[in-house]
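Engineer: Let's see this in three dimensions:
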Amino acid sequence: MIVLSHTIPSDELASYNVPIVAIERECDNICGVTTDNFKGGEMAARQLLACECDHYLHVNVHFPKSSPAYGRIVGFEQTIQQAGKQPVIYQEDLGNSVHEIRIQLKQLFERIETQFPAEEKKGIFFANDTYANIFLNLIFQKYGLLPDTYKLIGFDNSTASAEAILPITTIAQQKEEMVHEAMQLLIRQMEGRKKRRPEPRFAPVQVEVEPLLIKRETTSLE
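Structural biologist: Residues are numbered from 1 along each chain as shown. So this is what the prediction gives:
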């Protein structure tokens, strides 16, 4: 089994006693492959620091610290703090549908507009490209352009980032490498079971794959 769902905890998955690998989810008790989410958050922070923003914000949802994606928050927060700045972390219930997400992000946009002086530069790192794209559209609807007072970064390098009204800077997950690593772990488990005397279940192996920073127009230094 290759598991991407967060529905079943890894201790229950381990009890199934079948070859199994999780991708980008909690995997304390089974083999797993994740992006180095901490480094992804660090990369986003460093890019926004290079833009010399006045304020550094991260937008995400509520989820357990055991989730690999929590590393994005920690990496971003620590890097900004090490630079002598104070990050602002928004963890909100953003809903499930695009319509719900847009409503919640519009409210957050209005709060940010009120909370920070208009002339000061806001650097915002979003949990994914969908959030970043919706937020970018909200900015365009108000200003007709992306003012220099906003710098945006998403996560995933999805189609939403490349085909946005302005291509969005993003942290890319190396999906092909993640799939390769997952298959290697799965094959290792399967081969061990094929032997006349099956190998005992080995300790869970965790593989982290390096993310990539894809620089686009929403963090232009010009």
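Engineer: Which parts of this structure are helices?
Structural biologist: Chain-ordered helices for the chain, with DSSP state H as the definition, fall at 10-15, 37-50, 70-82, 98-115, 129-143, 159-162, 175-194.
Engineer: Please work out how many residues are found near A172.
Structural biologist: Around A172 there are 20 other residues, counting by other Cβ atoms under 10 Å. C-beta: built from backbone N, CA, C; applies to glycine.
Engineer: Give me the pLDDT for it.
Structural biologist: pLDDT for A172: 96.
Engineer: any idea how far L221 is from it?
Structural biologist: Taking Cβ to Cβ, to the nearest Å as the criterion, A172 is separated from L221 by 20 Å.
Engineer: before we move on, what about T170?
Structural biologist: Applying Cβ to Cβ, one obtains 17 Å for the distance of T170 from L221.
Engineer: Show me which of the two is the more surrounded one.
Structural biologist: For the pair T170 and L221, the greater number of neighbours falls to T170 (32 against 9), based on other Cβ under 10 Å.
Engineer: dump the residue contacts of that one.
Structural biologist: Contacts for T170 were tallied using Cβ atoms under 8 Å, 6 or more residues apart in numbering; they are D129, A132, I153, G154, F155, D156, N157, S158, S161, I214, R216.
Engineer: 10 Å instead, please
Structural biologist: T170 makes contacts with 40, 44, 126, 128-129, 132-133, 152-158, 160-162, 164, 211-216, 218-219, as judged by Cβ atoms under 10 Å, 6 or more residues apart in numbering.
Engineer: ok, now Q115?
Structural biologist: For Q115, the contact set (Cβ under 10 Å, 6+ apart) comprises H55, L57, V88, K122.
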